[in-house]
Every structure is written in C-alpha cells, then in structure tokens.
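Novice: No sequence on hand, only this structure:
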C-alpha cells in the first residue's frame, strides 16, 4: 500500500492534527457539473449510471478534476440495497424512486433476504475497486449506505413520502414487525459496508435522510439503535488504518448527544444547528462534518467566503472538523461557486490549526 | 360580555391553573371530515371557502359539533395577507398555491403596501365576527397569521418551495432588500392580527412554517426578530382579558430558549422535540402547545390513548400545556381516531392538575 498523499479527511474524522481543514461536498458528483450531465446522458438513465462501474467511476472522479477536494465518494444510490433485496427499483422520469414490490405484510418481511454484496451488488463493489484504483494515493475514498430506518421508509412506502403513513402505522400498530424488518435491513447494510471496505473504501458514511421525521423516542428506537448496530459490525481497521464512520441524520440536530454515544467517529450535521454549539455539546467524543447552508452557494463568491469565515470561527481551533455543506449541493449551482467554497476553506482554515 | 363557559385554553396559555388539559388540533376544520368535504365541494374551490364568511364559519364550527374541543380556530389561509398586498393568489388544482406577481426586485418591494384589514381583508374579519357570534360563550376563538418570514418565502418564491432559492439568494446577496420586505410584511401581519382581535379573536397564533429551513443565525435575524415585533405590536388585553399569543416554528425545536424571549405567551412545538425537555428548557417563561406526532392518529385508539398517556407524563404536573398535534391533522385520518385523541386528553389529564 502506498501511503495517502492527502489524508486530512481521515485525520480530521479521528480528531488527529491537520494543517488545513479538509473539505468535500455531499453530491459533489452531480448534476451541477456539465461533465456529469454529459455522462448521465450517455448512460441513458440514472440507474444505468449507478450500475455501470466505469461510468460510476468517471462521474465520481469528475469533481476532483475541477476542485482540490480532500475526498472522493462512491457514486451510487442508497436504494441499491433494497433493490438487491428484490423490491424492483425504478425511477419514473420526473418522479422519485419507486419500488414495484413494497414491504407491508408479515409475509413480505419474512421473504426478505440479506443480499451478498459480491453477487447482487457486485456492480457497486466493482465501482469501489475501480474508483479506488483510479484515485491512486491522492485522497481517500468514502463508501456509504442509507441508514436502516431510511431504507425501510422507502421499502414500506414504496418510494418517497411526505407523511410516512405506512411505516408509521407499522411503527405504532405493529412494532414487532417493523423491528424484524429493521433487523434484516441492518444486516444487509452491515454486510454491504463491510464489503465496501474490503473493496477499498477508506471511510464510511451512513445517510439517515429520514430519521428527522421521528419523535426523539422513536428516533432512538427505530433509527439510532440500528445505526449503532451497523457501526458495531464494521471493521474498525483495514489496510493498517482505522476506517472512520460518519453518521448523518438530516434534521437530527436535537439528538447529537445520543448520536455521539453510538460508537461512530463523526457526526454529519445540517445547517440548522450552530456548529460551535454542536462542538460544545459533543465535546471530545466525535468529530463533526458540515454544515454550510447549501443555498449559500447561490450567492456571490464574496458572500460564500464570508460564510466559510464565519463557520471556521464558529468551530474554532483544532482538528475534528470536516467542512461540508449541510446537505447535497443543488443541481443549479454554478461550478465556479463550488470552487470558491473549496478554495476558501483551504485558504482560510490554516490559522485554526497552528 | 358573557364569561366563557370553557376558558381552559386561555388559562393554560397563561399558565394559570386548570382542571383538565385543553386540547385542539391544528387543521381541525379540514379534509378528514366528510362534512368539510361537502361544504368545500359546495364552495367550488378552496379560495371560495376562505373568502365566504358564512362557509368559513360553517367549516370552523364543524369539528366542535363532533368533538369536545377546547378551542375553535378561524378558518382561513395564511396567504390571504400577501394576496391582499396585490400578489394575485391562485390555487392550481393538484398543485400548491401560486402568486401571479412574485416579489423579487427593489421595485416589487417598494410597491408593496400594508392592506387595511377591514377593506382588502374584510372577508376574514367578517368570518371572525361570525364564528365568534356562533360560538357564543362556549370556547375561545383563535385567530392566526403566517409569520413574516413564512409569508415572505411564498411572496419571493412565487409559491411553495423546497429549496427556497430566490429568498435565500436575497438573504445572502441583498440583505437590506429582504429586511425592507420583511418590515412591510411585519406591519401587515401586525395590523391583520390587531383587526382579528378587534373582530373577536381571543387568542392568536403565528405559524412560522418555514423558519426551520434557516441557520440559527438567519432564523433569529429573519424570522424570530420579526415575530417578536409582531408580538410587541399586539393588544395584550381585549374585552378585559389578556389575549395570549402562540408562536409556532415548525422544526424550531433547537431554538426554544430564543423563542421564549420573544414576548410570546406560548410556543407551539412539533413532535421532534421531547415535551418534558422542552418544558425544562423554557421553564416558567412560556406555556407549550403540542406535540403528538400526527401520524399516531393513523394507529388504533388504544395506541393513540397510550401516546396521550406518555405525553401527559412527559409534560408532568401543573398548567402551561395545551395538548395538540405537532402539525396539522392529515386528510386521510378517520374522524373516530381524532375523537379518541380528544377524549383521551380529557379523561387522562385531570390527575396532572390535582
């Protein structure tokens, strides 16, 4: 193994000293880049792009050509796992993801198996291997999965939802059935992330997009508990280095203390939580990743720079911060604005590491 | 003035002793009731229903016929105010509200005037007077408005939004323009709520549906500051009684301490905040309204009762709690489930007031 030329991300996630605050952007390989749109168009569909390792690798590397980002992230979709569990994923044009066979009954849950990542999800593992090879020793590669709760919402609702009616009815009226479903999904996610590490992922992130629609009690019971189980089931070291794990619950700012107890190395936070307060609340237990309002990227470069300045000051001195947006970059942001953001973090952060 | 037969709501909002925890439901006059759907169908459109005082009164009173609710609330829409400011509100079938003339430029903002509630919004004031007369002395009538920030989001975006791109661009790149817009909307809201009190509203609620999409700093600067100005501009007493004001910021659970400083009497909270924690955080400063997950109403009556039990215990002994959902009741809830909810609050709460 060649040593990483830039390991700021891994060091910051473990709260080890760095010279510069590392930065990457959620959805950095995405529609705001014209080169992404060209590859996406060549692929014919979003699913084709996800399932073709060469194309997935191509788009994963595109933002690193443009910007001096401190990490690459696997290009994939969180719904590959339920798809591999047999639910039949498709994307209707202009609509969200849909599953042909939602999971609602005892029979539906009992029928679910845990996919073998090197079989049913082989295309993802091939993408991880390919991206890792193409990256060389430049920056680390982040692997990811949806959280068990978040995946279960899509599986039970049959797609995107605003009211989460079916899964909440299951939660309130058939809690044992939901528990069984979440247990199976947890096994699938754990196996999937383990395979990503074996294939070359050097850090992991769990996206809990929908944990924030729960009460605090139900969040702990139905989302955090299973994410903690996933964390427990991961290899903490690979290729002689610790593999840090980031948990990101959108709208989870009220629960940072609980999340910090899960065994994760870092917590992703959205922009509705003050970064300095978050640091004070989690103390030395975990690192933090975030949390600029993605809408700031619509503003001028000067304003973007000002916001980066504010956030760096809010976090304060020392390591343990990975700069990121509080959510994915919007498709209609100008790439030049993303460049201004990344450059500002690198240029303005060194004084905080003296 | 005849004294109110049931003034639990007003007493609880002012943290005065009660025998039973008062309860009402956001959107209690709504599509989950077949009688509402019949009146709505007779009206021809949602806007016709809002602008016809007789029909608005009819639907406002419908839930009180079915359930022993402790309050009525004006039936209206938060967008009546920007409509009266000349933006041209319409509802495309199956889509959200839209404004013909969104507010984006200096000229757009400069052209805005503050409507006279007894002229441009006369139909709302007539509805308040009519509902109040029909209610008699049974329970108090709650008047309401959208918050300045929330109304401004619709005015600048031209309708509903998920990314709030235009108003956030204004916030980051043209803060003085946004400040001017929010100032005008604040004057309009203050005048509107004053007129509702003069017309008979006995408590007021400000719905800040979109304050939760802001950073903590921007929330304080762009939403809370203007809600506090509205509160300062309201009559604190009318007909010999204090008129309590409730501020409800959806997804604002992280900012309760700040909201409690605004001068309001009560804070509405959604279900993502623990009720007992919220009480500990705001102390004796304000009452709390909420906060059952509306999805619990999809569950069985037994489960609804269990959740009411949990929430009553979470708040604990003493006054200062108005039971409600954490958000509006869903259109596909069975009315019997709403009945089970209201009855459970009345039946199970007295021990907490001994």
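Specialist: Sure thing, it's come through. On a predicted model such as this, the values are computed, not experimentally measured, just so you know. Numbers count the residues shown, from 1 in each chain, chains lettered A, B, ... in the order given.

Novice: From the contact counts, what lies against the worst-scoring helix or strand of chain A on mean pLDDT?
Specialist: Here the helix or strand of chain A ranked lowest by mean pLDDT, DSSP states H and E is strand A:89-91, holding a mean of 91. Applying 3 or more CB pairs under 8 Å, 6 or more residues apart in numbering or on different chains; DSSP states H and E, we find strand A:89-91 packed against helix A:46-51, strand A:97-99. Bear in mind the C-beta positions are built from the backbone N, C-alpha and C, glycine included.

Novice: for it, which positions count as buried?
Specialist: Buried residues in strand A:89-91, counted by 16 or more other CB atoms under 10 Å in any protein chain shown: A:89, A:91.

Novice: List of residues touching it?
Specialist: Contact with strand A:89-91 is made by A:45-47, A:79-80, A:82-83, A:97-100, as judged by CB atoms under 8 Å, 6 or more residues apart in numbering or on different chains.

Novice: Relative to chain B, which of those residues is nearest.
Specialist: Closest approach to chain B among the contacts of strand A:89-91 (CB to the nearest CB): residue A:97, at 16.3 Å.

Novice: looking at it, that closest one is touching residue A:161, isn't it?
Specialist: No: here residue A:97 does not reach residue A:161: they are 11.0 Å apart, not a contact under CB atoms under 8 Å.

Novice: Can you give the contact residues for the helix or strand containing residue A:277?
Specialist: Residue A:277 is part of helix A:275-282 when elements are defined by DSSP states H and E. Helix A:275-282 is contacted from outside by A:253, A:256-257, A:260, A:267, A:269, A:288, A:290-291, A:311, A:314-316, A:320-321, B:216, using CB under 8 Å, 6+ apart.

Novice: Now a PyMOL select for only the buried ones of those.
Specialist: The following PyMOL line selects those of those that are buried, judged by 16+ other CB under 10 Å:
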select buried, (chain A and resi 253+256+260+267+269+288+290+291+311+314+315+320+321) or (chain B and resi 216)
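
Novice: part of a helix, is residue A:154?
Specialist: Yes: if the criterion is DSSP: H, G, I helix; E, B strand; the rest coil, then residue A:154 is within a helix.

Novice: what comes up buried for the helix or strand where residue A:307 lies?
Specialist: For residue A:307, the element it lies in under DSSP H and E is helix A:301-315. For helix A:301-315, burial by neighbour count (16+ other CB under 10 Å) applies to A:301, A:303-305, A:307-308, A:311-312, A:314-315.

Novice: Then stretch A:217-229?
Specialist: Of all the residues in stretch A:217-229, those buried under the rule 16+ other CB under 10 Å are A:218-229.

Novice: before we move on, back to that, please name the strands paired to the least confident helix or strand of chain A in the sheet, noting orientation.
Specialist: Here strand A:89-91 has these sheet partners by DSSP bridges: strand A:97-99 (antiparallel).

Novice: The strand it pairs with: what's the following helix or strand?
Specialist: Taking DSSP H and E as the definition, the helix or strand right after strand A:97-99 is helix A:106-110.

Novice: Excluding its own residues, what touches that next one? List them.
Specialist: Against helix A:106-110 from outside (CB under 8 Å, 6+ apart): A:101-103, A:177, A:180-181, A:184.

Novice: packing partners for whichever helix or strand comes after that helix?
Specialist: Remark: after helix A:106-110, the chain's next helix or strand is helix A:122-135, criterion DSSP H and E. Contact here means 3+ CB pairs under 8 Å, 6+ apart; on that basis helix A:122-135 packs against helix A:53-66, strand A:141-146, helix A:175-199.

Novice: Can you say which of the ones you listed is nearest to chain B?
Specialist: When the helices and strands packed on helix A:122-135 are compared by CB to the nearest CB, helix A:175-199 sits nearest chain B, at 9.5 Å.

Novice: mind checking the SS state of the residue nearest to residue A:332 when sequence neighbours are not counted?
Specialist: Of all residues not flanking residue A:332 in the chain, residue A:32 sits nearest, at 6.9 Å (CB to CB, 6 or more residues apart in numbering or on different chains). Secondary structure, three-state DSSP: residue A:32 is coil.
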